Every structure is written in C-alpha cells, then in structure tokens.
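>>> next come a sequence and a model predicted from it.
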Amino acid sequence: MKIVYGIAGASAAVGGLYAGGVLESGQVYPKPFDQAYAELSSMPIPEMARQGAGSSDIVIRRYADSIEWHFRQKDEDLYVFTASLSREDDQHTRVKVDFDVGDALDPQSKKLLGSDYIRSIAGLALNEQLSSELEDRSFDQRRFATQLAVRAKTHPRELEAFGDGIRQMMLDNAEIIRANSEGLRDDYRLPPHIEQQFETRKSMDAATRPMTTLPRS
C-alpha cells in the first residue's frame, strides 16, 4: 500500500500535470531532435522523486529514439517512465511519455499502479518535468494544481475507478486478517513441554487446595 501512495508523491515531485491529449499525442518542442535528446538524456531526477518513489536506485537506459527511467528495488523494476522522441521537422521534436509498472511490486500494488488514474498522473508528471527541462524553466506549482484539477474534472471515471480499487483492496485485506485470526484460534496449540507444565500445575493446585466440609443441616 505504501508504494501506491509513494508513486503519487513521486510523480508530483517529478513535475506538474498537463491536461488535454498530451498523453495520447505527445507535445512538440521548438528544438532539433539531437538537442532535445541530449537535454533529456542528461536531465537530473529530483531528489524528492528519488526519496518518495520507494526505490533503491534509478537506472537510465538510452535508445536511438527513446529514454527510459527505471525505478528499481532489488534489481527489479518497480515502474518505468519512458520518453519517446520523433522529428516533426528540422527544428521541432515531438516527445511522448509513457508509464509502466514492473515485477517488483506486489499484486495489489501492481494492479493499482497500473490503473488509468495512476498512469495518467505519472505520465503527465513526467511530461511536465520534460517540459520544464526543454523550456529552460522550473516547474510551476500553481500550474500543477490547476492542471491536476482539470484532469480530474475531464476524466472523472479514472479517479472513481481508482477509489473503487482502494476500497476493494482494504476489504480484501480485512478479510485476509479475519481469516488468519480465525485460523490462529482454531489451530493454535501449546508446545508439549508448556502444556505438560500447565497440567502439572493444575494437579498440584488441586492436591493442595483446602477441603471444606459443609455442615449438615
């Protein structure tokens, strides 16, 4: 559960949110492909993102037309941010972002982090970080809050489905705890030597207990 909230916090730390169709179509920047690629390739990851993501290390993988940031734990991916670049013309580059969950997550977290809501937050957060890098600016907290609200308003079902998933996870966990508690009560037995001591003590108590004779009426 911690990692589910961690990714939301890490995404906010990585950058702000864009509404609209940027996740579907990407965003065009007035920079040649090679320049945009070089700037994104060397883009630093904010320390807050490192701390809030729940990962022990971040691996950057560079390909001919894409860059991947792998947030990892124990040599497995928790999740992966991807920026794919394409040439619009000699002076413009389109950048499209994506987000995937990895195998290091437990099944519940993997399901929630793979939801449309978290994928949107993570993808849009990366997009804002890339935009701030390519536009030579810091990310705007006010813009972040505004665009987050716009996203929630224009895609209400994403948040509703995520909330349903959280509630179902809590119900599942409560059922597991209840079942395990019943099993412990039914299956628990004292270790033999403890049980023997307990029975011996009961016998001694019975043998030394004063006997009371009720008077006859």
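Looks like it came in fine.
>>> in what helix or strand does Leu148 lie?
helix 141-154 (DSSP states H and E).
>>> list the buried ones in that helix?
The neighbour-count check on helix 141-154 (16 or more other CB atoms under 10 Å) flags 143-144, 147-148, 151-152 as buried. Placement of C-beta: from N, CA and C, glycine included.
>>> for the longest helix along the chain, buried residues please.
Longest helix in the chain by number of residues, with DSSP state H as the criterion: helix 156-187. By 16+ other CB under 10 Å, the buried positions in helix 156-187 come out as 158-159, 162, 165-166, 169.
>>> now stretch 97-107 - C-alpha only, PDB.
As requested, the backbone C-alpha atoms of stretch 97-107 are provided in PDB (Å, rounded to 0.1, in the frame of the first residue of the first chain):
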ATOM      1  CA  VAL A  97       5.600   9.900 -22.400                       C
ATOM      2  CA  ASP A  98       4.500   6.600 -21.000                       C
ATOM      3  CA  PHE A  99       4.500   4.800 -17.700                       C
ATOM      4  CA  ASP A 100       4.600   1.100 -16.900                       C
ATOM      5  CA  VAL A 101       4.600  -1.000 -13.700                       C
ATOM      6  CA  GLY A 102       7.300  -3.600 -13.000                       C
ATOM      7  CA  ASP A 103       7.600  -7.000 -11.400                       C
ATOM      8  CA  ALA A 104       9.000  -5.800  -8.100                       C
ATOM      9  CA  LEU A 105       5.500  -4.800  -7.000                       C
ATOM     10  CA  ASP A 106       3.200  -7.000  -5.000                       C
ATOM     11  CA  PRO A 107       0.000  -8.000  -6.900                       C
END
